[in-house]
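Q: have a look at this prediction, sequence included:
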Amino acid sequence: MRLTRFTDLALRVLMRLAVADADLPTTRDVAATMEVPYTHTAKVVARLQHLGLIEARRGRGGGLALTAAGRAASVGGVVRELEGAGDVVDCDGTTPCPLRGACILRGALRRAQEAFFAALDPLTVNDLVAAPTGPLLLGIAGGPPGWIESPAGSPAQSR
């Protein structure tokens with residue numbers, strides 16, 4: 001199974017916001033950090049906001065923030081929502097497959113797709129930014145100076 005670029009970017013946006021802490025990056029900031037077009041990022045942000053996973057605040061002091069629901073969201077659930085419930089192959093397309101009525105492959109692919117999602121279900125967005133990913137992501141995003149990893153694996157300021 002291969003994720004669409006949209007879903008890939010959505011997961012990376014959620015991860016970036018999970019390490020943002022008090023920082024409220026703008027959509028432009030996130031696009032620049034992820035090295036993707038602003039317009040594509042804006043569409044992803046709009047969809048994540050619609051799903052209640054992020055908040056977008058306008059104006060001075062505004063920016064993007066992960067909601068509590070976004071922080072606890074199942075990665076499998078997010079991927080299911082963004083990828084849709086469609087089949088891996090299109091047996092009923094413009095030229096329907098002549099085997100579709102008696103095909104064993106279609107069911108096997110559907111089970112494989114569900115196994116893929118099920119493997120992602122236990123992971124939360126918060127889990128995705130545990131060490132070593134979180135510290136690396138903070139470095140890419142221009143994390144606060146003096147940032148170190150605490151013994152528990154969560155961000156902490158050096159003293």
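A: Arrived safely.

Q: if I look at the residue nearest to residue 121 when sequence neighbours are not counted, how far off is residue 32?
A: Spatial nearest neighbour of residue 121, excluding adjacent residues (C-beta to C-beta, 6 or more residues apart in numbering): residue 76 at 3.5 Å. Glycine gets a C-beta too; all of them are placed from N, C-alpha and C. Using C-beta to C-beta, to the nearest Å, residue 76 is found at 29 Å from residue 32.

Q: the more surrounded of the two?
A: Using other C-beta atoms under 10 Å as the criterion, residue 76 and residue 32 rank with residue 76 on top: 18 against 15.

Q: list the contacts for the more buried one?
A: By C-beta atoms under 8 Å, 6 or more residues apart in numbering, residue 76 lies in contact with 117, 118, 119, 120, 121, 122, 123.

Q: flag every buried residue along stretch 86-97.
A: residue 91 (16 or more other C-beta atoms under 10 Å).

Q: list the contacts of that stretch.
A: Around stretch 86-97, the neighbours that count as contacts under C-beta under 8 Å, 6+ apart are 1, 99, 100, 103, 105, 106, 109, 110, 112, 113.

Q: distance of the residue located most distally from the centre of the chain from residue 108?
A: In the chain, the residue that sits farthest from the middle, by C-alpha atoms, centre = their mean, is residue 98; the gap is 37.0 Å. Going from residue 98 to residue 108 by C-beta to C-beta gives 18 Å.

Q: show me the strands in the chain, by range?
A: Secondary structure of the chain (DSSP state E): strands located at 54-57, 63-66, 147-149, 155-157.

Q: mean pLDDT lowest where, among the ones you listed?
A: For the strands of the chain, mean pLDDT drops lowest on strand 147-149, to a mean of 37.

Q: lovely, talk soon.
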